[in-house]
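Peer 1: quick check, what structure comes out for this input:
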Amino acid sequence: MNYFVYILRDSSNKLYIGQTNNLPTRLHLHTLKSQKSAKFVKDGGDFKLEYQESYSARLLAMKREKQLKGWSRAKKESLISNNLAELKRLSKKNRD
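Peer 2: Presented below is the predicted three-dimensional model:
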């Protein structure tokens, strides 16, 4: 079974990071703004899937979700845009 870490962007440009074992179903629940939707989605406007990663184990996905949630906005945007040089620069900057 695959587990996914994903990033959503809402209409006000806010980012949400989550993880699930069924990304299409999770996105559908978010769209319906069901009780199982994240508060971010229920309270916000429209959203779109900006980024996703796949993992073979839930623990790995959970660790990655936690890591991404700790990142700066700039690092998240670099990941979303696949700007690996900028992501590397920002990561190095944080270690100095």
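
Peer 1: hey, which helix or strand in this protein has the poorest pLDDT?
Peer 2: The least trusted helix or strand in the chain, going by mean pLDDT, DSSP states H and E, turns out to be helix 39-43, with a mean of 69.

Peer 1: after that helix, which helix or strand is next?
Peer 2: strand 47-55 (DSSP states H and E).

Peer 1: helices or strands up against that following strand?
Peer 2: Strand 47-55 is packed against strand 3-10, helix 23-32, helix 58-69, helix 73-80, with contacts defined by 3 or more C-beta pairs under 8 Å, 6 or more residues apart in numbering; DSSP states H and E. In this view, the C-beta of every residue, glycine as well, is placed from N, C-alpha and C.

Peer 1: buried stuff in the second one?
Peer 2: Spelled out, that is helix 23-32. In terms of neighbour count (16 or more other C-beta atoms under 10 Å), helix 23-32 has its buried residues at Leu23, Arg26, Leu27, Leu29, His30.

Peer 1: next up, the contacts around Leu23.
Peer 2: In this structure, Leu23 makes contact with Phe4, Tyr6, Gln52, judged by C-beta atoms under 8 Å, 6 or more residues apart in numbering.

Peer 1: just the buried ones from those residues?
Peer 2: Buried members of those, scored by 16+ other C-beta under 10 Å, are Phe4, Tyr6.

Peer 1: need the contacts of Leu23 in JSON lines (columns: distance to Lys14 and pLDDT).
Peer 2: JSON lines is the format used below for these (distance: C-beta to C-beta, whole Å; pLDDT from 0 to 100):
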{"residue": "Phe4", "distance to Lys14": "20", "pLDDT": "98"}
{"residue": "Tyr6", "distance to Lys14": "14", "pLDDT": "97"}
{"residue": "Gln52", "distance to Lys14": "18", "pLDDT": "98"}
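
Peer 1: and which of the contacts of Leu23 is nearest Gln35?
Peer 2: For the contacts of Leu23, the minimum distance to Gln35 (C-beta to C-beta) is 19.6 Å, reached by Tyr6.

Peer 1: my guess is the closest one contacts Lys48. True?
Peer 2: No - assessed by C-beta atoms under 8 Å, Tyr6 is found out of contact with Lys48, at 10.9 Å.
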